[in-house]
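> Coordinates only, no sequence provided:
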């Protein structure tokens, strides 16, 4: 079993993130924060659309990568290289499309376990909201594909688990139930404010089940309760059309608010009259944490097992009489309020949820990762998640300016309160057989006018070491020099789109592998690989986005380098057995560290032909 500190999770969040004004972003935000507080390495990979407040994200205890939306979906090679650099072993996506658009390939490229969070049963919700047969068939296909692709599904409600297991064709052991939580350090306990006569509703009103609930409140509860002197406060993102539809004195839409205590401090009742959807209603958890009496439906209460904390009523016409009767029994109201707060403190604090999540991650890592069939990605025909396309169409989110991200960038990193931007799009390692034309090609690139390309030359050790100590110690020295190269790459990545590496740590691994085979010391190489993987887990190496392997027959390699024959530092380059193992590493063993090279056989290519092929490869036009 893995210890908690071996869990290294990448959480992918597109659209809105922080401030978190809906259930999904609230979960991303607080789960990431409390996992980090629990000692887990958490890295958020955020599709940045200017809807998040970067200044707030910089204050969080986890590292965040920001990607423009185009990069987020189209340059998965770049994201994969960063996932590997961070040592991430679990990548997590919510809903269906992101798993197939990004998660499947990223898991394949990085070796990370793939986790899917399902906040509700998509097909059931779509059906209840009137989706046509074509849309429901499409959702069913997505569910099946995701079920085959992922290593684990996390859902928020035990009620959803059987349905998801059936819809996604997943055995129950691969579905975990981890509810959402409450920031109990922030939400204060108030209890019901009897004198305020204030009835509240909290939710994202671009989400149709919430919008339907507000219409019912306005139609069935507002008239009699307003006549009895009550006001209604509706909080959350809201389209203008709904505000116009539900307009009346004492029926106020506040929009989203930063501090929920401002909503709860004078609330008398909290409503959740929801009849569609599944999952966990975070609004109910927040209501209970603040000690506000909750009146809701059996549908909305499905994700919360302790119904004794709630007032459940499915007849909306009965809500006004129920509230009036409760006002005559304040003892019952406060008793429920205290019971609800205790339930939240004991079972739904984010600290508790984080501990449950860590245990699930440990179990995931204790199992072999499932093989990834990339053909499953073809089931998803959209370019972005459907909900995101709808949010853009409805113009739901406002732009939050960030001067530091106003200019073009490939990605940016927020860490420790600092924000750094990068232009790097492709980090290309030139690898392969000696004499295959790598150095000649490098020289050609450096002479050409490639203003967006910079070349980092191969590192050299002192000549005395390379001549006399061709052993594991020498390989370790080369590996540590690669750490220095990574620091140089970090600086160049801020100002250059394309960096070409004249060999990388891959050459050191290939050389060490081949030497161990020739010397009969393969266990020594396995020990060396453990050191490499340890350093890699500490983010010591920059992983290439692309590897171009210059291939060549063994006999031609020896012939082309005959001028160096007899030099002790090059002795292995003239050993056919060594070269065979070296060549084999690029052909097969390289795949074990998540890299698939582009192989170019240079036996019969002219220098000009090779240069043309490489130029296209560098700029991604092949």
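On my side now, so go ahead. Only a predicted model underlies this, so the values are computations on that prediction, with no experimental measurement involved.
> Please identify which helix or strand holds residue 614.
Using DSSP states H and E, residue 614 sits in helix 607-618.
> Residue 73 now?
Going by DSSP H and E, residue 73 is in helix 69-74.
> after that helix, next one along is what?
Going down the chain from helix 69-74, the next helix or strand is helix 76-85, by DSSP H and E.
> Would you mind pulling up the elements that that next one packs against?
Helices and strands touching helix 76-85, by 3 or more C-beta pairs under 8 Å, 6 or more residues apart in numbering; DSSP states H and E, are strand 41-48, strand 63-68, helix 69-74, helix 104-110, strand 426-432. Every C-beta, even on glycine, is put in place using the N, C-alpha and C of the backbone.
> Could you pull out the strands in the stretch 301-450 of the chain for me?
In the stretch 301-450 of the chain, the segments counted as strands under DSSP state E, counting those that start in this stretch are 311-312, 411-415, 418-422, 426-432.
> Kindly calculate the angle that the longest one makes with helix 76-85.
Note on geometry: by axes from the mean of the first three to the mean of the last three C-alpha atoms, to 10 degrees, strand 426-432 and helix 76-85 are set 80 degrees apart in direction.
> Who are the packing partners of strand 426-432?
Judged by 3+ C-beta pairs under 8 Å, 6+ apart, the packing partners of strand 426-432 are helix 76-85, helix 438-447, strand 498-502, helix 505-519, strand 546-551, helix 607-618.
> Would you enumerate the residues in contact with the nearest residue to residue 572 once chain neighbours are set aside?
Spatially, and ignoring its direct neighbours in sequence, residue 572 is nearest to residue 578 (4.5 Å; C-beta to C-beta, 6 or more residues apart in numbering). The contact partners of residue 578, taken as C-beta atoms under 8 Å, 6 or more residues apart in numbering, are 514-515, 517-518, 572.
> Could you identify the most distant pair in the residues you listed?
By the measure C-beta to C-beta, 517 and 572 form the most distant pair in these, at 10.9 Å.
> how many other residues sit next to residue 260?
Residue 260 sits with 21 neighbouring residues when counted by other C-beta atoms under 10 Å.
> Just read off the phi/psi values of it.
phi -70, psi -20 (degrees, to the nearest 10).
> So it sits against residue 183, correct?
No - Residue 260 sits out of contact with residue 183 when judged by C-beta atoms under 8 Å, with a separation of 9.2 Å.
> can you list residues touching both of those two?
Where contact means C-beta under 8 Å, 6+ apart, no residue is in contact with each of residue 260 and residue 183.
> Where do the helices of the stretch 51-200 of the chain begin and end?
54-57, 69-74, 76-85, 97-98, 104-110, 122-128, 133-149, 161-167 (DSSP state H, counting those that start in this stretch).
> Can you tell me which of these is most buried?
Of these, the one with the most neighbours on average (mean count of other C-beta atoms under 10 Å) is helix 97-98, at a mean of 25.
> Mind putting the helices and strands packed on helix 76-85 into JSON lines with mean pLDDT?
What follows is the helices and strands packed on helix 76-85, written out as JSON lines (pLDDT from 0 to 100):
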{"stretch": "strand 41-48", "mean pLDDT": "98"}
{"stretch": "strand 63-68", "mean pLDDT": "98"}
{"stretch": "helix 69-74", "mean pLDDT": "93"}
{"stretch": "helix 104-110", "mean pLDDT": "95"}
{"stretch": "strand 426-432", "mean pLDDT": "95"}
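> Could you look up the next helix or strand downstream of the helix or strand bottoming out on mean pLDDT in the chain?
Lowest on mean pLDDT, DSSP states H and E among the helices and strands of the chain sits helix 463-468, with a mean of 50. Per DSSP H and E, helix 463-468 leads on to helix 472-492 as the next helix or strand towards the C-terminus.
> What lies in contact with that next one?
The contact list for helix 472-492 (C-beta under 8 Å, 6+ apart) reads 424, 427, 454, 456, 459, 461, 465-466, 499, 501, 504-505, 508, 511-512, 515, 524, 527-528, 531-532, 535, 540-542.
> Neighbours of residue 611, how many?
Number of residues near residue 611 (other C-beta under 10 Å) recorded here: 17.
> Quick one: residues contacting it.
By C-beta under 8 Å, 6+ apart, the contact list for residue 611 reads 441, 444.
> Could you give the bridge partners of residue 255?
Counting by DSSP bridges, residue 255 is bridged to residue 235.
> roughly how far apart are it and residue 240?
Separation of residue 255 from residue 240 (C-beta to C-beta, to the nearest Å): 11 Å.
> which of those two has more neighbours?
In terms of neighbours (other C-beta under 10 Å), residue 255 is the more surrounded of residue 255 and residue 240; the figures are 12 against 9.
> Might one say that the more buried one is in contact with residue 239?
No - counting by C-beta under 8 Å, residue 255 stays clear of residue 239, with 11.2 Å between them.
> on that earlier part again, could I get the contacts of residue 578 as TSV with distance to residue 170 and neighbour count?
Shown next, in TSV, are the contacts of residue 578 (distance: C-beta to C-beta, whole Å; neighbours: other C-beta atoms under 10 Å):
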residue	distance to residue 170	neighbour count
514	43	22
515	45	22
517	42	18
518	47	16
572	50	18
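> I'd like the residues you listed as CSV, with pLDDT and distance to residue 595 appended.
Converted to CSV, those look like this (pLDDT from 0 to 100; distance: C-beta to C-beta, whole Å):
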residue, pLDDT, distance to residue 595
514, 95, 17
515, 94, 20
517, 95, 20
518, 95, 23
572, 92, 23
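> Closest one of those residues to residue 603?
Distance to residue 603 across the contacts of residue 578 (C-beta to C-beta) is lowest for residue 514, with 20.1 Å.
> What separation do you get for that closest one and residue 429?
Distance, residue 514 to residue 429, by C-beta to C-beta: 18 Å.
> try residue 269
63 Å.
> Residue 35 now?
For residue 35 relative to residue 429 (C-beta to C-beta), the value is 33 Å.
> ditto for residue 194
Residue 194 sits at a distance of 69 Å from residue 429 (criterion: C-beta to C-beta).
> Next: residue 57.
On the measure of C-beta to C-beta, residue 57 and residue 429 end up 32 Å apart.
> Kindly report the same for residue 188.
According to C-beta to C-beta, residue 188 stands 54 Å off from residue 429.
> more neighbours, these two?
Applying other C-beta under 10 Å to residue 188 and residue 429 shows that residue 429 carries more neighbours, namely 25 against 15.
> what sits against that one?
Counting by C-beta under 8 Å, 6+ apart, residue 429 has contacts 501, 503-504, 506, 544, 546-548.
> try it again with 10 Å
By C-beta atoms under 10 Å, 6 or more residues apart in numbering, the contact set of residue 429 is 456, 499-507, 542-549, 595, 597.
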